[in-house]
Each structure stands twice: as structure tokens, then as C-alpha cells.
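A.B. asks: My questions concern the predicted model and sequence given below.
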Amino acid sequence: MNYQATRQWLSNRPASDLENGVARVNWLLERLDNPQLQVPTVHFVGTNGKGSTLNALQSILRSSDYTVGRFTSPSIIDFREQIVFEQEMISEEDFARIVTDLQPLIEDLDQTAGLDAISEFEIVVVAMFVYFAHYQRPDILLVEAGMGGLQDATNVLNPLAVVCPSIGLDHQAFLGETYAAIARHKVAVLRERVPLLYATDQPEVLAVFEEYARQLQSPTYAVGREILLENSRAGFAVSSPFGRVEDLRLQMQGHHQEVNAALAVTTAQLIRPDFPKITKETISQGLSQAIWPGRLELMKPRLMIDGAHNNESIAVLTELLEEKYADRDIEILFAAINTKPVDQMLEALSQYGPVTVTSFDDVRAVELADYPAGYARAERFQDWLAQADLDNPDKIYVITGSLYFIAQVRKYLVEHFLSS
């Protein structure tokens, strides 16, 4: 199959039943000599901040002259950006070749009693491990979990560390209704004696993490306890049991990004025995260069996009608006998928300026007619952008909501709007 045929074939795969997802992935990996165990890994789980924290650590490692593989989801512009080696997406040819080679095994798996058919995401995870074991082998692989942890397709690793930037109330139909229930899903990727680094302001999350880690004899490092953030002369500092790094600066906005950076810094310090080229200087340099598309990203001085896709990430966005843009007139465009607490998210956003709702090209996108009354409607995000006065210094325009929506917006901005 060529790349387009491969994508079409994958899109026709059945949805995962979750219950047997890890078993299906392991079934394939065992027949492929376990490629997921052939490269050192760090595993990232949590509700918000996984990608930003992973990206910060990746930038530190690259500044330290290590080659890095990365798996993240969902994609923002191109499907292949989920699998990246040294800032280069997997080629269309390599992706198609790997999936084509997997097909005979997948057909065998589909007929295996009790496991059901493997999903698109699970196949992509297996393809990713094959790619980094046999096509482009990095010094280290950074893997972002999909949904949850316990039943996530990436829960097949024996990592150097597990990193969790946050636990929020998201995907509750699958992960449970409480912070504790969701935390139990996320932390299930932890292995015996593997360090767990995390940030939380929820006591029940802390209790779940600490008890699970105690049972596994895994050391824990929590922001606000072992990992401390402090102001320093030219930015902020991170102190941990592994040392102190001062004068750190970020391009990304918001205090939560400093928390994510603190986790990345401490993880880099923790794995330094295996990666001795990591220094205070490479940590500082790496963080200063880290950018994560679609997260509180200023596309122009008065145009921000942010994938704030649940209540917790909306709270982060509104905190930043209050902190940095209280002197501006804020106009907001919002679109969500139909599994999110849309009423609550819109209510929170509307405290900071007029909110316009829209829809986008996704079967799960909330239709215009289904949004609550009282909000302006835009048929297309392009229409809303066309009326934005981006030269007005008293304004800030914010486009937010589903990551899938932000992916489409960002692609359009890069290809059309920003080049005009």
C-alpha cells in the first residue's frame, strides 16, 4: 500500500474496545521481538501538559547532543507528526511500509479469540515502536500516552521514568468520575522501582500516586515538595534532590508551563547518569528553545490559539488572560467536541470577554444549533478571523477549544492567513 491507501485502511479499522487494547498491542509486539524495549524511554501520562512537558525534555536532550524520538497525539497539522525523529516526521514511505508489513500479523490477530480487532491508534503505536527500533533508532524515546494509562496502547513500556503533569476530570465515561479514579488509570503505567514525577493540587491524586508507588518501591518526586520552583535573577529556578538550575526562561506562556518545565528539568537531572552530556547549560538552552504548537501560542502579537479542551485547561487559559491581558479587550472563538462540559467551559470563558461559538469538520464537533443560547455564532472560523482587527493594540483575539479544532485552525493560519 502507498501512504494514502494506508491511511484509508487505518481509518476503516474498528474503534478500540479499550479492555483488550494492551493485550492486542503486546500480542503484536511479542511477535516483533518487543521493539518497545530496545530504546530507553520516558513515559508521559496525565490530563493536560503531557505534550508540553515532553517537548521541554526533548529540547533539553537535543541541546545536550542526544538524538530523540517522540510519540505524541493527536496531530496538529499532519498525521505523521505523531511519530518524529529529530524534528522530522516519519516519511510517508516508511509509515506505509511498516503498516503494510504488519498487515499479515494484524489479520492473524483479528482472528484471535477473545481479543477483537485492533484499532487504528493501537496499530500506529506498534508502527511507532517498529520505526524507532529498526528505521531511525534514537538515543532516547519520549512517549505520550493516549487516553488514560491502564488500558492505553502505550502501556507496554519499562521506562526510565514516568512523568505526570496533571490529573483532571476528562474522559470520565472511560476513566471514572473522580480524580482518584482517573489517577488510578494514569499511574498504572508505572513499573517496579521506576521513578514517578508529578504535579497535582488534588489530595486524592497524591494519595493514589504515593500508595501505588509505595507498593512498587518506586521513588516519587512531586512539584511543591521535592521539586521547587523559585524566582531567580533572570527568570525562574528549579531545585530538586538532583540540584538547582537557575535563570531559566521559556518562550511558552503561563505559570503552568513553568511547572511543566520543572518536571522536565528534574527528569533530565534524574536520567543524567545514563545521559551524562546533560548539564545546567544544556538544560537552560533547551528550555529557552522549547515551543509546543497550539498551546497558548501567539500566532501574531494579538492572535492566540490554545487547545483548551476541558475545564482544567480552560482554567489555565483564563488565568493567563487575567494575568497578562487584563488591560485588553478580549474576544474569544470556541469550538468543542460533544463529549466535553461545554456549558461550564463557555461560562468560564465568558467572564473575560464576548465568546463566539463555531463548529468544525469532525463528526464529534458540536453543531452550532446545539450550543447554549446567548452566544454569537460563526458558521466558519474563517469568517470570525476575517472581522478581527489584529492591528488594534487594545485587543487580543483568542481561538480555543478542542485540539482537533485547533489543529484545523493552525493549519489554515500557517498556510493562508499568516502569509497574506
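C.D. replies: All right, it came through fine.

A.B. asks: Surely R380 is in contact with D361?
C.D. replies: No. Judged on Cβ atoms under 8 Å, R380 makes no contact with D361 at a distance of 9.9 Å. Where C-beta positions appear, they are placed from N, C-alpha and C, glycine not excepted.

A.B. asks: between the two, which one's more packed in?
C.D. replies: R380 (13 against 9; other Cβ atoms under 10 Å).

A.B. asks: residues in contact with the more buried one?
C.D. replies: R380 makes contact with T358, according to Cβ atoms under 8 Å, 6 or more residues apart in numbering.

A.B. asks: now it: how far from D370?
C.D. replies: Distance of R380 to D370, computed by Cβ to Cβ, to the nearest Å: 17 Å.

A.B. asks: pLDDT weak spots in the stretch 301-420 of the chain?
C.D. replies: Low-confidence segments of the stretch 301-420 of the chain (pLDDT under 70): 417-420.

A.B. asks: so where do the helices sit in it?
C.D. replies: All helices of the stretch 301-420 of the chain, identified by DSSP state H, counting those that start in this stretch, fall at 311-324, 342-349, 381-386, 403-412.

A.B. asks: Show me the chain divided up by domain.
C.D. replies: Using automatic domain parsing, the domains assigned to the chain come out as 3-289, 297-417.

A.B. asks: most tightly surrounded among those domains?
C.D. replies: With neighbours taken as mean count of other Cβ atoms under 10 Å, these reach their highest mean count in domain 3-289, at a mean of 19.

A.B. asks: show me what contacts A183?
C.D. replies: Contact analysis of A183 by Cβ under 8 Å, 6+ apart lists 167, 200, 202, 204-205, 208-209.

A.B. asks: in a helix, that's where it is, yeah?
C.D. replies: Yes. Counting by DSSP: H, G, I helix; E, B strand; the rest coil, A183 is part of a helix.

A.B. asks: gap between it and A153?
C.D. replies: As for A183, its distance to A153 is 20 Å (criterion: Cβ to Cβ).

A.B. asks: check contacts around the closest residue to Q38 other than its chain neighbours.
C.D. replies: The shortest distance from Q38 to any non-neighbouring residue, by Cβ to Cβ, 6 or more residues apart in numbering, is to A133 (4.4 Å). Listed by Cβ under 8 Å, 6+ apart, the contact set of A133 reads 35-36, 38-39.

A.B. asks: between those, which is nearest E258?
C.D. replies: Nearest to E258 among the contacts of A133 is V39, at 29.3 Å by Cβ to Cβ.

A.B. asks: quick one: contacts for the closest residue to the closest one other than its chain neighbours?
C.D. replies: Distances taken as Cβ to Cβ, 6+ apart place L141 nearest to V39, at 4.6 Å, with adjacent residues excluded. Residues counted as contacts of L141 (Cβ under 8 Å, 6+ apart) are 39-42, 68-71, 132.

A.B. asks: For G307, list the residues it contacts.
C.D. replies: 294-295, 313, 400-403, 405-406.

A.B. asks: Let me know whether my guess that I118 is in a strand holds.
C.D. replies: No. According to three-state DSSP, I118 belongs to no strand; its state is coil.

A.B. asks: that older thread, distance to P219 for the helices of the stretch 301-420 of the chain - can I get that in CSV?
C.D. replies: Shown next, in CSV, are those (distance: least, Cβ to Cβ, whole Å):
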stretch, distance to P219
helix 311-324, 26
helix 342-349, 37
helix 381-386, 46
helix 403-412, 32
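
A.B. asks: Nearest to I332, out of these?
C.D. replies: Smallest distance to I332 across these (Cβ to Cβ): 5.3 Å, for helix 342-349.

A.B. asks: how big is the angle separating that closest one from helix 311-324?
C.D. replies: 10 degrees (axes from the mean of the first three to the mean of the last three Cα atoms, to 10 degrees).

A.B. asks: and helix 342-349, how far out from the chain's middle?
C.D. replies: 22 Å (Cα atoms, centre = their mean, to the nearest Å).

A.B. asks: can you check stretch 65-73 too?
C.D. replies: Mean-position distance between stretch 65-73 and its chain equals 13 Å (Cα atoms, centre = their mean).

A.B. asks: what's the span of that stretch from first residue to last?
C.D. replies: Stretch 65-73 has its terminal residues 25 Å apart, counting by Cα to Cα, to the nearest Å.

A.B. asks: Show me what it is in contact with.
C.D. replies: For stretch 65-73, the surrounding residues in contact (Cβ under 8 Å, 6+ apart) are 39, 50-51, 54, 58, 61-62, 81-86, 121, 125, 128, 131-132, 136-144, 146, 154, 275, 277, 282.

A.B. asks: Just those: which are in helices?
C.D. replies: Among the contacts of stretch 65-73, the residues falling in helices (DSSP state H) are 50-51, 54, 58, 61-62, 121, 125, 128, 131-132, 282.

A.B. asks: Would you reformat the residues you listed as a markdown table and include distance to A213?
C.D. replies: Output for these, formatted as a markdown table (distance: Cβ to Cβ, whole Å):
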| residue | distance to A213 |
| --- | --- |
| K50 | 19 |
| G51 | 24 |
| L54 | 21 |
| Q58 | 25 |
| L61 | 25 |
| R62 | 29 |
| F121 | 27 |
| V125 | 25 |
| M128 | 27 |
| Y131 | 31 |
| F132 | 27 |
| T282 | 29 |
